[in-house]
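> when you get a sec, could you give me coordinates for this:
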Amino acid sequence: MRYVVAIVASAAVVPAACGASASTPRADEGRRIEVSMKEFAFTPATLSLKAGEKVTLAFKQAGTVEHEFMAGRDPMKDMGYVQDLFAGLEHEIRPTPTSDHGMGHGAERVGVRVLPGKTATLTFVVPSKPGTYEFGCFVAGHYEAGMKGTLAIQ
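As a prediction, the model looks like this:
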C-alpha cells in the first residue's frame, strides 16, 4: 500500500510502544543515510544510491515548520512528482503510519511528512534501473523556495 504520511505529535508514542524509534538503527534496514530537513533545504542535497541495494533514509526535521520528502520526475506544484520513484516499490515508513490521509497528493504518490523536532525513516530496495531523479518538499511554497535535491541511481 502506498502512503503519503503525516508524522503528527501523537505518532511519537508509536515507536515507544513497539520498542523501537525512528532514529534507532535496525539490522534489516540496509545502508543508512541521514537526511536533515530545514527551511528550505535538504542536507545532503545529493543522494547517490546503488541499484539493488537496501537503503534507509533517516530524516531528522531540524526546521521550524513541517517538511516532506518525495522523489521522482516531472514535478507538479504542491503535489509531488508525476513519475513517483516509489510507486510500485515495496517500502516501509517508520513510525508506522496510522492513516492514509492523502494530503492532496493522490494515492499513487509516496511521501514522508515530518513535524519540527521529529524523525522518520523510509526503507526500500533501490530500483535496478540506473538514472537521475529529483527529491523535494511539496508543502506549499517549499519546493519553489528551493527545497529539492538530486537522487542518482548507479
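> check Glu108 and give its pLDDT.
On the pLDDT scale, Glu108 is placed at 63.
> now do Thr132
98.
> where is the longest strand in this protein?
Counting by DSSP state E, the longest strand found in the chain is strand 67-76.
> after the helix or strand of the chain with the lowest mean pLDDT, which helix or strand is next?
Counting by mean pLDDT, DSSP states H and E, the weakest-scoring helix or strand in the chain turns out to be helix 13-18, with a mean of 34. Following helix 13-18 in sequence order, the next helix or strand is strand 31-38 (DSSP states H and E).
> which residues are contacting the following helix or strand past that next one?
Downstream of strand 31-38, the next assigned helix or strand under DSSP H and E is strand 41-43. With contacts defined as CB atoms under 8 Å, 6 or more residues apart in numbering, strand 41-43 is touched by Val35, Ser36, Phe69, Phe135, Cys137, Gly146, Met147, Lys148, Gly149. Heads up, the C-betas are built off the backbone N, CA and C, glycines and all.
> 6 Å instead?
Val35, Ser36, Gly149 (CB atoms under 6 Å, 6 or more residues apart in numbering).
> just the buried ones from these?
Burial by neighbour count, 16 or more other CB atoms under 10 Å: within the contacts of strand 41-43 this picks out Val35, Gly149.
> can you redo the contacts of strand 41-43 as TSV with pLDDT and distance to Val65?
Shown next, in TSV, are the contacts of strand 41-43 (pLDDT from 0 to 100; distance: CB to CB, whole Å):
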residue	pLDDT	distance to Val65
Val35	98	17
Ser36	98	14
Gly149	98	18
